[in-house]
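> Predicted structure and sequence below. I'll ask about it afterward.
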Amino acid sequence: MSGLARENVAGAKRVVVKVGSSSISGENSDQITPLVDALAEAYGRGTEVVLISSGAVATGMPFLNLEERPSDVATQQAAAAVGQNVLIFRYQESLDRYGIAAGTVLLTEGDALKEPHRSNTRRALERLLDLRILPVVNENDTVAVYGLRFGSNDRLAALVATLIRADLLIMLSDVDALYTKPPHLPGAEKLDFIAADDPLDGFEFSSSGATGVGTGGASTKVVAARLATEAGTAVLVTSTELAGAALRGEHVGTWFEPRASEERRALL
């Protein structure tokens, strides 16, 4: 049995959407409204939607009078503690227009990997979805030192998607798709479709975002996409401004084909 096909996205039962810091913080904080519009449209079709949202540190920085992402962990944690509060307020304020309630879920990798935390996390998320709550998930940056220093929410998004057996993971950033090399470089070509066994060794994926406020780049999305597709979840990588088009099943971004069920490898 195969996983979700690209042409069937609009009918997906359960979708995880991940958005990066630079797309919804700072000068782009007004992009929360169109993002919520896209999520609400899918929600209105009956789709179960989980939002993985980075941005706690970046959102908290102005409140601490910080112009650049702090390099020390303690200040990052302080910014995250302030920013998470503001970020969720902004999401809920926008969701109120549709009568949708958000549920805040802060996780570390251990919550998605280690028992009994893993089972508890799955049970909580699935109960929220049963109640038609829209979970807004972020890494618990105030305590997750590893995530602050070396990780990104791309991996967390893949772990959550596989944990709740989502049909599709959509990873949003500032770029409309993945390219064979950074898109501003000569000769960069857009990648439209990546099969489960397609080799990607020859491509030059960037390791960090362009704005300096987030921790993920194209390379972390590729790793996360492979993680999710190995477990049978389809993945689409595109820009935040194309979130609505992506959720409607329009042909945008880079599609990672999920591995067929008989070939899937155990993730955990």
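On my side now, so go ahead. Numbering: from 1, shown residues only.

> could you pull out the strands for the stretch 101-250 of the chain?
For the stretch 101-250 of the chain, applying DSSP state E, counting those that start in this stretch gives strands covering 102-107, 134-139, 168-173, 178-179, 190-191, 193-194, 234-239.

> What's the mean pLDDT across the second one?
Averaging pLDDT along strand 134-139 gives 96.

> do the same with the fourth one
Strand 178-179 carries an average pLDDT of 94.

> Direction included, what does it pair up with?
Counting by DSSP bridges, the strands paired with strand 178-179 are strand 190-191 (antiparallel).

> Other residues contacting the partner strand?
Asp176, Ala177, Leu178, Tyr179, Thr180, Pro183, Phe203, Thr254 (C-beta atoms under 8 Å, 6 or more residues apart in numbering). Bear in mind the C-beta positions are built from the backbone N, C-alpha and C, glycine included.

> Put together CSV for the strands of the stretch 101-250 of the chain, with distance to Phe89 on each row.
Formatted as CSV, those follow (distance: least, C-beta to C-beta, whole Å):
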stretch, distance to Phe89
strand 102-107, 10
strand 134-139, 11
strand 168-173, 21
strand 178-179, 33
strand 190-191, 36
strand 193-194, 37
strand 234-239, 25
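
> which of those sits most buried?
strand 168-173 (a mean of 28; mean count of other C-beta atoms under 10 Å).

> on that earlier part again, among the contacts of strand 190-191, which one has the most neighbours?
Leu178 (26 neighbours; other C-beta atoms under 10 Å).

> excluding its backbone neighbours, what's nearest that residue?
Thr254 (4.2 Å; C-beta to C-beta, 6 or more residues apart in numbering).

> can you check Asn28 too?
Ser22 (6.5 Å).

> Check Gly253 too.
Thr238 (2.9 Å).

> contacting residues for Asp167?
Gly3, Leu4, Ala12, Lys13, Arg14, Val15, Thr233, Ala234.

> Over to Gly55?
Per C-beta under 8 Å, 6+ apart, neighbours of Gly55: Val19, Gly20, Ser21, Ile24, Ser25, Gly83, Leu87, Asn138.

> and of these, the nearest to Pro70?
Checking the contacts of Gly55 against Pro70 by C-beta to C-beta gives Gly83 as the nearest, at 11.7 Å.

> From what I see, that closest one and Met61 are in contact.
Yes: proximity of Gly83 to Met61 meets the contact threshold set by C-beta atoms under 8 Å, at 7.2 Å.

> got any residues that touch both of those two?
Common neighbours of Gly83 and Met61 (C-beta under 8 Å, 6+ apart) do not exist.

> circling back to that earlier point, how much space is there between the residue nearest to Leu178 and Phe203?
11 Å (C-beta to C-beta, to the nearest Å).

> How about the backbone phi and psi for the residue nearest to Leu178?
Thr254 adopts backbone torsions of phi -110, psi 120, taken as degrees, to the nearest 10.

> wait, isn't it in contact with Ala195?
No: with contact defined as C-beta under 8 Å, Thr254 does not reach Ala195; the gap is 11.9 Å.

> How about residues contacting stretch 120-134?
14, 39, 43, 48-51, 95, 100-103, 105, 107, 111-112, 135, 137, 160, 163-164.

> neighbours around the closest residue to Ala81 other than its chain neighbours, how many?
Distance criterion C-beta to C-beta, 6+ apart; nearest residue to Ala81, sequence neighbours excluded, is Thr142 at 5.0 Å. The tally of other residues near Thr142 (other C-beta under 10 Å) stands at 18.

> Contacts only, for Thr142.
Gln77, Ala80, Ala81, Gln84.

> Just the buried residues from the contacts of Asp167, in ChimeraX please.
Buried members of the contacts of Asp167, defined by 16 or more other C-beta atoms under 10 Å, are picked up in ChimeraX with:
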select :3,4,12,14,15,233,234
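
> Regarding the residue nearest to Asn28, what are the backbone dihedral angles?
Torsion angles, degrees, to the nearest 10, at Ser22: phi -70, psi -20.
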